[in-house]
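# Just the structure for this:
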Amino acid sequence: MEETDRKAFRDAFLLVGIALDVEITKPRIDLYWTILKEYEWPTVEKALQLAVKSKWFKFPEPGELIELIEGSPQDI
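Got it, this is the predicted structure:
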């Protein structure tokens, strides 16, 4: 992601927090940004949408989002 994607990233995380009833803090957003910034924003956005549509009923961990982006090791 590019620095210009940061606002959209933050806004999307806040919406996911609302959908899953989780308080989203700036440190949490910053942590996820650092972990996920190597991916393109549309890909991260799609992973967030899939996470909300899933049956997890919890806020996705960074590794879960990466698995949605890259696929699970079992998919190889």
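
# So which residue is dead centre in this protein?
In the chain, the centroid-proximal residue (C-alpha atoms, centre = their mean) is L48; its distance is 4.5 Å.

# In terms of helices and strands, where is that one?
helix 41-53 (DSSP states H and E).

# And that helix, what's buried?
For helix 41-53, the neighbour count (16 or more other C-beta atoms under 10 Å) marks W41, V44, E45, A47, L48, A51, V52 as buried. C-beta here means a position set from N, CA and C on the backbone, and glycine is covered the same way.

# cool, stretch 18-32 as well?
By 16+ other C-beta under 10 Å, the buried positions in stretch 18-32 come out as I24, I29, Y32.

# can you tell me the average pLDDT over stretch 1-12?
Stretch 1-12 carries an average pLDDT of 97.

# and what of stretch 17-27?
Per-residue scores along stretch 17-27 average to 92.

# Return the angle between stretch directions for whichever strand or helix holds L68 and helix 41-53.
Using DSSP H and E, L68 sits within helix 62-70. Between helix 62-70 and helix 41-53, the angle comes out at 120 degrees (axes from the mean of the first three to the mean of the last three C-alpha atoms, to 10 degrees).

# Return the set of buried residues in helix 62-70.
E64, L65, I66, E67, L68, I69.

# And the second one, how close does it get to K26?
For L65, the distance to K26 under the criterion C-beta to C-beta, to the nearest Å works out to 18 Å.

# go on, the third one?
Relative to K26, I66 is positioned 22 Å away (C-beta to C-beta).
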